[in-house]
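Novice: make a model of this:
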Amino acid sequence: RTARLAMFQVDVAAFPDERIGVYGTIVVDRHPVTGTGWFWDVTGASILRIVMTAGKLSTLGYALLGLVHGEPRTGYAIMKIFRTTPMGHYSGSPGAIYPALRGLQRDGLVRGRPRRTGRPGTVLDITPKGVRRLTSWLRRSVTRADVIWRLDELMLRFAYMEQLLARREVVRFLESLGQELDEYVGVLETHRATRSQTLHSRLALTSGIDGYRVQARWTRHAVMQIRKGRRAAPKGDAR
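Specialist: The predicted structure follows:
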């Protein structure tokens, strides 16, 4: 039987396979919300000595932070959003929402207060620490790996940028995303041109290339719309 012997937080970013896997007799597990890793020993050996580091938020954690930043909400209201809107894409299971919110509260990123009107309950709001954490995530550079594996997360970041980032920062993000998309399309086109490609593999690759091209065109359209549009500027935006 596998028994958890210690609750030592570890930075699991160095581990492959989505940061979850078995390494000898050691199981590296990950909290579904914070991304914090835990070491389990399947042999009953002595407790490992591990340097403690801060856990990392998953996409679900950031999705929740963005929601409560936009408007304080009850856990039930948040659950309803994930159940009835495309936000459900960012949660692997409806049962992950409440544990995720508790994790954010435990880490000081979200706080709860009694509901003042209507049915009794707790309203969740983001803390200053949570705002800083969310803003830092929004400002991350766009990488090739993001384009290949995390395009949906990039769109979530873009959706939340209107709340927190200056227009010039949003434009810079879109231009960087467009450049990465264009460059990756060039890589895929080079691969498609090789003689080793079968008809079906070429057609499948063409589908992917067309999708990335559409996304790249969207970034240029979005830049134009944002530059000529009017929206409330975040505090400190000196446009």
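Novice: rest of the way, CA atoms for contacts and neighbours
Specialist: Noted.
Novice: how far does stretch 63-79 sit from its chain's centre?
Specialist: How far stretch 63-79 lies from its chain's middle: 15 Å, per CA atoms, centre = their mean, to the nearest Å.
Novice: just give me how far the helix or strand encompassing Ser136 sits from the chain centre.
Specialist: Using DSSP states H and E, Ser136 sits within helix 128-138. Centroid separation between helix 128-138 and its chain, computed with CA atoms, centre = their mean, is 12 Å.
Novice: quick check: mean pLDDT across that helix?
Specialist: Mean pLDDT, helix 128-138: 97.
Novice: show me what it is packed up against.
Specialist: helix 59-70, helix 151-164 (3 or more CA pairs under 8 Å, 6 or more residues apart in numbering; DSSP states H and E).
Novice: Tyr90 is nearest to which of those helices?
Specialist: helix 59-70 (5.5 Å; CA to CA).
Novice: and that closest one, average pLDDT?
Specialist: Averaging pLDDT along helix 59-70 gives 95.
Novice: relative to helix 151-164, how tilted is it?
Specialist: With axes from the mean of the first three to the mean of the last three CA atoms, to 10 degrees defining the directions, helix 59-70 sits at 20 degrees from helix 151-164.
Novice: contacts for helix 59-70, please.
Specialist: Contacts to helix 59-70, defined as CA atoms under 8 Å, 6 or more residues apart in numbering, come from residues 33-34, 78, 90-91, 100-101, 104, 109-110, 124-126, 130-131, 134, 137, 153, 156, 160, 163.
Novice: relative to Val68, how far out is the residue nearest the centre of the chain?
Specialist: Among the residues of the chain, the one closest to the centroid is Thr59, at 2.5 Å (CA atoms, centre = their mean). For Thr59, the distance to Val68 (CA to CA, to the nearest Å) stands at 15 Å.
Novice: go on, Ser136?
Specialist: Separation of Ser136 from Val68 (CA to CA) stands at 16 Å.
Novice: between the two, tell me which one has more neighbours.
Specialist: Val68 (21 against 10; other CA atoms under 10 Å).
Novice: how far away is that one from Gly61?
Specialist: 11 Å.
Novice: about what we covered before: tell me which residues in the helix holding Ser136 are buried?
Specialist: Buried residues in helix 128-138, defined by neighbour count with 16 or more other CA atoms under 10 Å: 130-131, 134-135, 138.
Novice: wait, a strand at Arg111?
Specialist: Yes. Arg111: assigned to a strand according to DSSP: H, G, I helix; E, B strand; the rest coil.
Novice: all strands of this protein, in order?
Specialist: Assignment of strands within the chain using DSSP state E yields the ranges 21-23, 26-30, 37-41, 73-74, 110-114, 122-126.
Novice: burial count for Trp149?
Specialist: Count around Trp149 with other CA under 10 Å applied: 10.
Novice: so who does it touch?
Specialist: No contacts exist for Trp149 under CA under 8 Å, 6+ apart.
Novice: can you flag the weakest of the strands of the chain by average pLDDT?
Specialist: Lowest mean pLDDT within the strands of the chain: strand 21-23, at a mean of 36.
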